[in-house]
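# Structure here, sequence nowhere to be found:
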């Protein structure tokens, strides 16, 4: 519980289950963009920093950095 001026803020942790989300909100794959292998990215001199700037998932960026 936190007091700010005259207001009192009560913080709670609320649990939720994500197993139902895929059925409610279907995730669509996007086939409009080309897919590259790490070897292809390396041949194009793409850096892990560039992947970061392109908003690639962090785990993919880390794996690519290890690949290099």
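Received the coordinates, thanks. Source: prediction; values computed, not measured. Numbering: from 1, shown residues only.

# What average pLDDT does the longest helix along the chain get?
For the chain, the helix that runs over the most residues, judged by DSSP state H, is helix 58-67. Helix 58-67 carries an average pLDDT of 93.

# and what of stretch 34-49?
93.

# List the buried residues of that stretch.
By neighbour count on 16 or more other CB atoms under 10 Å, the buried set for stretch 34-49 is 41, 46, 48. C-betas here are computed from N, CA, C, even on glycine.

# from the chain's centre, how far out does that stretch sit?
How far stretch 34-49 lies from its chain's middle: 19 Å, per CA atoms, centre = their mean, to the nearest Å.

# and it, how far apart are its ends?
19 Å (CA to CA, to the nearest Å).

# that older thread, who does the longest helix of the chain touch, helix- and strand-wise?
The criterion is 3 or more CB pairs under 8 Å, 6 or more residues apart in numbering; DSSP states H and E, and the helices and strands that helix 58-67 contacts are helix 38-43, helix 48-53.

# same thing but at 6 Å, please
Contacts defined by 3 or more CB pairs under 6 Å, 6 or more residues apart in numbering; DSSP states H and E place helix 58-67 against helix 48-53.

# Can you tell me which helices and strands the helix it packs on packs against?
Checking 3+ CB pairs under 6 Å, 6+ apart, helix 48-53 ends up next to helix 58-67.
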